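Visitor: Sequence and predicted structure, then a few things I'm wondering about:
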Amino acid sequence: MSFIAIVPARAASSRLPDKPLLDIGGLPMVVRTARQAARSRAERVIVATDDARVQAAAREHGIEAVLTRGDHPTGTDRLAEVCQQLTLAPDRIVVNVQGDEPLIEPGYIDKVAAALEKDASAAIATCAAPISRQDTLFNPNAVKVVCTADRRALYFSRAPIPWARDALAGGAHVLAPGLPALHHIGLYAYRAAFLLGFPSLPVGPLETFECLEQLRALENGHAITVQQVDALPAPGVDTPEDLAHIRALFANRL
């Protein structure tokens with residue numbers, strides 16, 4: 001299996017300014033994330049950023065980093081520019097490792113790359129874990145995915161899907177026994193050819209309303225294969241509370 005990992009790291013964040021540079025146990029967050037990615041089977045790990053400070057921080061710690069434009073609407077668009085900069089072969093597999101995941105599981109990176117390699121007709125591979133808590137099912141920040149019998153994604157949503165009609169009658173908020181509910185994990189593998197074409201795909205109403213960029217692929221007829229894993233990885237960093245939690249975890253480790 002041959003693939004590269006790209007870590008998109010945008011400096012602007014309304015809740016956590018300069019997020020990639022925030023200290024996690026003595027290292028910038030983007031460096032922690034890239035080091036986790038380097039523990040996978042990726043042949044190459046590259047940080048893709050719109051900020052020269054982030055590029056410098058990565059390079060200071062021996063991590064390859066490239067500068068991209070600052071106007072990309074999504075991390076996937078940023079990856080497309082990197083594929084163009086590096087003139088990657090069309091069939092080259094690229095894994096998108098989000099820059100705010102300093103505890104991303106390296107084995108999951110390998111799993112999504114392998115899933116795409118095995119499925120020549122899929123444009124994207126991603127992963128998901130079973131939902132075991134009712135609060136997760138009804139949490140709009142936890143993205144759900146429903147799949148076909150052969151693990152192709154049918155739909156992604158912030159809503160509680162699949163909807164257990166009888167169990168939820170009368171407004172109940174419960175997790176129906178045996179419900180095949182899956183929590184989507186935001187880790188993706190693509191082929192370079194698909195990434196290069198992604199920015200030109202039209203944004204449809206599903207992506208617009210759900211604010212989920214993977215729906216752009218589904219709305220335009222591209223298949224997504226879903227690798228099921230046993231458990232969610234450690235949480236990423238989106239809020240000050242997340243940052244405090246991750247810092248405490250690293251403080252305990254160190």
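Guide: Happy to help now that I have it.
Visitor: Quick one: the helices in this structure, in order.
Guide: 29-38, 52-60, 75-86, 106-118, 134-137, 192-197, 205-210, 214-219, 240-253 (DSSP state H).
Visitor: so which of those helices comes closest to His173?
Guide: Proximity to His173 (Cβ to Cβ) singles out helix 134-137 among the helices of the chain, at 6.0 Å. Placement of C-beta: from N, CA and C, glycine included.
Visitor: With Gly197 as the reference, measure out to Gly107.
Guide: Going from Gly107 to Gly197 by Cβ to Cβ, to the nearest Å gives 29 Å.
Visitor: can you check Asn141 too?
Guide: If you go by Cβ to Cβ, the gap between Asn141 and Gly197 works out to 29 Å.
Visitor: Compare the two (neighbour count), which wins?
Guide: Per other Cβ atoms under 10 Å, whichever of Asn141 and Gly197 has more neighbours is Gly197, with 13 against 7.
Visitor: From what I see, Ala128 and His184 are in contact.
Guide: Yes. With contact defined as Cβ atoms under 8 Å, Ala128 counts as touching His184 (4.9 Å).
Visitor: list the residues that contact both of the two?
Guide: Val145 (Cβ atoms under 8 Å, 6 or more residues apart in numbering).
Visitor: hmm, who's touching stretch 96-104?
Guide: 5-10, 19-20, 24, 29-30, 32-34, 36-37, 45, 47, 49, 75-76, 79, 109, 186-190, 233-238, 246, 249-250.
Visitor: ChimeraX command to pick out the buried ones of these?
Guide: A single ChimeraX command selects the buried members of the contacts of stretch 96-104 (16 or more other Cβ atoms under 10 Å):
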select :5,6,7,8,9,10,19,20,24,29,30,32,33,34,36,37,45,47,49,75,76,79,109,186,187,188,189,190,233,236,237,246,249,250
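Visitor: who are the neighbours in contact with Leu206?
Guide: If you count contacts by Cβ under 8 Å, 6+ apart, then Leu206 has Leu212, Leu215, Leu218, Glu219 around it.
Visitor: so what's it scoring on pLDDT?
Guide: pLDDT recorded at Leu206 is 97.
Visitor: Repeat that for His72.
Guide: On pLDDT, His72 comes in at 82.
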